[in-house]
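K.L.:
Got a predicted structure here, sequence first:
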Amino acid sequence: MVPDLKLVIRLQDLDSRIRELQREIATLPKHIAEIEKALEGHLRKLEADRAALSANQRERRSLDEDIQEQERKTSKFRDQMTGAKITNEQYRAFQKEIDYCAKEIRKSEDRILSLMEESEPLERTMKVAELALAKEKLKVEEESELARARTAEDERLLKDLLTERQSLVRELTPAVSAAYERIRSKRGVAVAEAVDGRCSACHLALRPQLFQEVRANQQVMFCENCGRILYFNPPVTFEDIAAVQGDAGAQQ
């Protein structure tokens, strides 16, 4: 196989790996952003539950204070009813005020019971949510750290591959290098294997003469349909395997 063919095949392998690394480097931050956004959503829900519970507790305290105030008024009215000589009209007025205070106390007590019933499931939900949130925070931290380490490793590999790519391009014949880049920019994949008389990229049959020339791997040939650079990978025979095994035995 002529050097230019070997070089473009390797170059395409490099470009494929480079694309994968670039895609992964771009994807990892998005993945972290997504799980952090989900965490923020759960945190906001927990904060809303905490605010609701706090409002519930504030209202209960306010109602307790209202009950105490009504009880003080009731005590005061009772003292006024028994501490001095009053008329029947005044007695009825004090009794009316006492009944009103009792009614307000019952209303407040009923509301407190309702608030207590509302707070119980809210407290249970909050406890479960707090435990889940703590685990989720730990998971996000671990995934973020793994993503940062993976990104750093990907960037190191990408730098090495780009360096190797520059070296390969310098070794290529300028005309072949230009053709490769032109085809890659248009097709994405610039090099295709010729298999069973067809281009493996566009799958159309090659002219017999062209296929024979491609099989020789002695010059850079192009698919007449899609324009990709073609190469032929000879099938492995039993003789090839035996030769490899023989070489390995001789080295031992």
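P.N.:
Okay, I see it.
K.L.:
ok, what's across the strand from residue 195?
P.N.:
Each beta-bridge partner of residue 195 is listed here: residue 198, as defined by DSSP bridges.
K.L.:
correct me, but residue 102 touches residue 74?
P.N.:
Yes. Between residue 102 and residue 74 there is a contact under Cβ atoms under 8 Å: 7.0 Å. Bear in mind the C-beta positions are built from the backbone N, C-alpha and C, glycine included.
K.L.:
So between the two, which is more surrounded?
P.N.:
residue 74 (19 against 13; other Cβ atoms under 10 Å).
K.L.:
what about the more buried one, which helix or strand?
P.N.:
helix 3-83 (DSSP states H and E).
K.L.:
Next, the contact list for residue 59, please.
P.N.:
Neighbour list for residue 59: 111, 115 [criterion: Cβ atoms under 8 Å, 6 or more residues apart in numbering].
K.L.:
State the distance from it to residue 123.
P.N.:
Distance check for residue 59 against residue 123: by Cβ to Cβ, to the nearest Å, it reads 15 Å.
K.L.:
Residue 235 too?
P.N.:
73 Å.
K.L.:
Those two: which is more packed in?
P.N.:
It is residue 123, of residue 235 and residue 123, that has more neighbours when counted by other Cβ under 10 Å, with 13 against 6.
K.L.:
Just to check, the more buried one is in contact with residue 53?
P.N.:
Yes. The pair residue 123 / residue 53 is scored as a contact, 6.6 Å apart, by Cβ under 8 Å.
K.L.:
who touches stretch 126-144?
P.N.:
With contact meaning Cβ under 8 Å, 6+ apart, stretch 126-144 is reached by 31-32, 35-36, 38-39, 42-43, 45-46, 49-50, 53.
K.L.:
Out of these, the closest to residue 168 would be?
P.N.:
The closest of these to residue 168 turns out to be residue 31 (Cβ to Cβ; 31.9 Å).
K.L.:
Now for the closest one: which residues touch it?
P.N.:
Shown in contact with residue 31 (Cβ under 8 Å, 6+ apart): 143, 147.
K.L.:
which residues in the stretch 101-250 of the chain form helices?
P.N.:
Per DSSP state H, counting those that start in this stretch, the stretch 101-250 of the chain carries helices over the ranges 174-187, 208-216, 238-251.
K.L.:
What lies in contact with the first one?
P.N.:
Helix 174-187 is contacted by residues 4, 7-8, 11-12, 15, 169, 172, 190-191, 201, 220, 222, 226-229 when judged by Cβ under 8 Å, 6+ apart.
K.L.:
No further questions, thank you.
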